[in-house]
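Trainee: here's a sequence, model it:
(2 chains)
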Number of protein chains: 2
Amino acid sequence: MISDTIREVMKEKGITHTFLAEKLGYKYPSSVTTKLQRVNGLRVDTLIKFLETMDCELIIRSKTTDKLEWVLKNE
Amino acid sequence: MISDTIREVMKEKGITHTFLAEKLGYKYPSSVTTKLQRVNGLRVDTLIKFLETMDCELIIRSKTTDKLEWVLKNE
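Mentor: Model prediction:
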């Protein structure tokens, strides 16, 4: 599940809901929780914002031998 | 922009809107266009479905030296 993976990244990076909320200018840490709970409804741009805060990037990678990569960015 | 990157991947892979629509069981190729035009509103699960059809995967990668990676999956 998408949200489980994001939680795993947060844990690995030692990032709390509170930290993420502060960085993104959300009033309450629960806003982060709510967005994550929208499980598959999470938007790509929101995910990218979360990842930037965690020093991570979102990448599309070809599974074929060329292993081409594209970095997804909001702008 | 997210949608531009996806279009780039489609071009590189030689994937048409029609092919993507057929694979995903959308009635019309324009459904793909509509979803892509929702620019930043595109959902992560929809993106993953698109990518699976194109033999690509969605990856979160840490920018720090560890370069840890997580593959995002719908289930």
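Trainee: where is the longest strand in chain A?
Mentor: Ranked by number of residues, the top strand in chain A under DSSP state E is strand A:56-62.
Trainee: so what are the sheet partners of that strand and their directions?
Mentor: strand A:69-72 (antiparallel), strand B:56-62 (antiparallel) (DSSP bridges).
Trainee: and chain A, which residues reach chain B?
Mentor: A:1-2, A:5-6, A:8-9, A:12-13, A:40-45, A:47-48, A:51, A:54-64, A:68, A:70-75 (Cβ under 8 Å from any Cβ of the partner chain). Yep, even glycine has a C-beta here, placed from its N, CA and C like the rest.
Trainee: deepest-packed of the strands paired with strand A:56-62, please.
Mentor: Of those, the one with the most neighbours on average (mean count of other Cβ atoms under 10 Å in any protein chain shown) is strand B:56-62, at a mean of 20.
Trainee: any idea how far that one is from the chain center?
Mentor: 12 Å (Cα atoms, centre = their mean, to the nearest Å).
Trainee: again, but for stretch A:44-58
Mentor: 4 Å.
Trainee: how about the helices of chain A, start to end?
Mentor: In chain A, the segments counted as helices under DSSP state H are A:2-13, A:17-24, A:29-37, A:44-53.
Trainee: could you tell me the least trusted of those helices?
Mentor: Ranked by mean pLDDT, these end with helix A:29-37 in last place, scoring a mean of 85.
Trainee: quick one: list the elements packing against that one.
Mentor: For helix A:29-37, the packing partners by 3 or more Cβ pairs under 8 Å, 6 or more residues apart in numbering or on different chains; DSSP states H and E come out as helix A:2-13, helix A:17-24.
Trainee: in the first one, what's buried?
Mentor: Neighbour counts over helix A:2-13 (16 or more other Cβ atoms under 10 Å in any protein chain shown) mark A:2-3, A:5-6, A:9-10, A:13 as buried.
Trainee: how about CSV for those residues, with distance to B:S30 added?
Mentor: Below are the buried residues of helix A:2-13 laid out as CSV (distance: Cβ to Cβ, whole Å):
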residue, distance to B:S30
A:I2, 26
A:S3, 30
A:T5, 31
A:I6, 31
A:V9, 35
A:M10, 37
A:K13, 40
